[in-house]
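>>> Mind looking at a prediction? Sequence and model below.
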Amino acid sequence: DMGVGILGLGIYVPEKILTNKDLEKMVDTSDEWIVERTGIRERRIVDPSMATSDLATRAAEKALAEAKTSPDEIDLIIVATATPDMFFPSTACLVQANLKADNAAAFDLAAGCSGFMYGINTGAQFIKTGLYKKILVIGAETLTRIMDYTDRNTCVLFGDGAGAVVLGECPPGCGIIGFNMGADGAGGDLLKLPAGGSRLPATAETVANRQHFVHMNGNEVFKFAVKVMGESAFKALDHAGLSAADVDILIPHQANIRIIQSAAKRLKLPMEKVIVNVDRYGNTSSASIPIALREAIDDGRVKDGDVIVAVGFGAGLTWASCVIKW
Ligand code: ACO
């Protein structure tokens with residue numbers, strides 16, 4: 001039985017940095033508060049000329065290069081995003097056109113910050129069944145476009161970026177060896193962008209009420225995150241026939257350092273085994289896990305044969321994780 005693994009990984013983050021000091025000039029906040037409560041020091045902010053599909057395309061090009069794969073070999077493009085260029089066409093179709101990946105099917109996936117994990121787990125099935133050979137899974141976000149820069153509860157948390165992987169066959173026992181996905185739609189109200197959809201179409205009133213921006217109950221999302229990060233990781237490990245003691249590297253969704261630390265504690269992992277870059281990028285939603293994985297590889301922290309657990313949570317509410325034998 002062949003495995004399904006990551007053949008190439010690419011990321012793209014905008015150059016422009018928005019620091020906590022910059023935010024102090026925009027809302028009633030402080031560098032100290034943001035660092036202490038979230039661990040975030042700065043985040044990237046996309047250039048006005050670019051949209052999510054542009055970030056996604058750049059990340060995908062790098063992933064294709066690393067995988068030595070040409071765009072016409074790609075059978076499917078999945079873009080996980082909460083910030084598509086527009087409702088339709090899907091961002092995945094825009095990326096398909098940019099890449100000239102003429103043989104690829106394409107669709108977007110909406111699972112908030114769990115989107116990349118949902119995408120990996122979904123994409124892997126098409127390869128497992130033998131239907132497809134090579135799949136691009138991309139997490140790409142321009143969250144700063146849906147931030148209310150008068151709301152200190154949300155605008156300090158999020159940043160822009162993209163990550164992409166090429167999934168394909170790998171030797172038996174390698175690659176994605178376990179996964180878990182879940183949802184609790186009853187918690188959907190805790191984190192949402194209320195207007196612009198069929199429930200609340202755009203009007204002058206929705207704009208005036210700032211309903212086209214992210215609204216979040218931070219406290220409740222925090223409690224949810226702490227609970228599901230550990231649970232989901234345990235379930236994915238169980239699915240792989242492993243336990244937390246087997247984990248070499250934990251790649252948690254980068255939302256808040258305190259959430260990451262409590263997940264590590266739940267899994268009884270020392271922080272040396274946990275990848276953290278929330279300080280430099282903030283929460284990039286579906287892009288956070290591939291960006292963290294790229295940095296971990298480049299820093300020499302990921303070794304052949306390592307057991308990596310990646311776990312995400314987000315709007316929906318949703319959670320998802322996978323175990324990768326590197
Ligand atoms: N600067 C200064 N003060 C602030 C700021 C800020 N940027 N933001 C909030 N505060 C204030 C609040 O108004 C509150 O003041 P009050 O007590 O006078 O009302 C006080 O700080 C404490 O607020 P809490 O919400 O209790 O602070 P907490 O320690 O919970 O931290 C935070 C808030 C950082 C939002 C935290 O709850 C969190 O990280 N939650 C999870 C959010 C998350 O991960 N979201 C992403 C999900 S993934 C996705 O799909 C997008």
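Received, thanks. Just so we're clear, the structure is a prediction, and the values are computed from it rather than from any experiment.

>>> G218 and the ligand, how far apart?
Per Cβ to the nearest ligand atom, to the nearest Å, G218 is found 3 Å from the ligand. Heads up, the C-betas are built off the backbone N, CA and C, glycines and all.

>>> count of residues packed around that residue?
15 (other Cβ atoms under 10 Å).

>>> Not counting residues beside it along the chain, what's closest to it?
N153 (5.8 Å; Cβ to Cβ, 6 or more residues apart in numbering).

>>> Which element, helix or strand, includes the one you found?
Secondary-structure element containing N153, defined by DSSP states H and E: helix 152-155.

>>> Excluding its own residues, what touches that helix? List them.
23, 26-29, 147-149, 213-216, 218 (Cβ atoms under 8 Å, 6 or more residues apart in numbering).

>>> mind running it again at 6 Å?
For helix 152-155, the external contacting residues (Cβ atoms under 6 Å, 6 or more residues apart in numbering) are 27-29, 147, 149, 214, 216, 218.

>>> do the same with stretch 18-37
40, 42-43, 45, 149, 152, 156.

>>> hmm, back to that, so does the helix holding N153 get close to the ligand?
Yes: judged by Cβ under 6 Å from any ligand atom, helix 152-155 comes into contact with the ligand at 152-153.

>>> thinking again about what came up before, out of the contacts of stretch 18-37, who has the most neighbours?
R43 (30 neighbours).

>>> Okay, that residue and K25: tell me how far apart.
Separation of R43 from K25 (Cβ to Cβ, to the nearest Å) stands at 15 Å.

>>> same thing with A124?
45 Å.

>>> out of these two, which sits in the busier spot?
The neighbour comparison of A124 against K25 (other Cβ under 10 Å) goes to A124, with 20 against 7.

>>> ok so, going back, most neighbours of all the contacts of helix 152-155, which one?
Neighbour-wise, those (other Cβ under 10 Å) top out at V214, 22 neighbours.

>>> Surely that one touches L143?
No: here V214 does not reach L143: they are 7.5 Å apart, not a contact under Cβ atoms under 6 Å.
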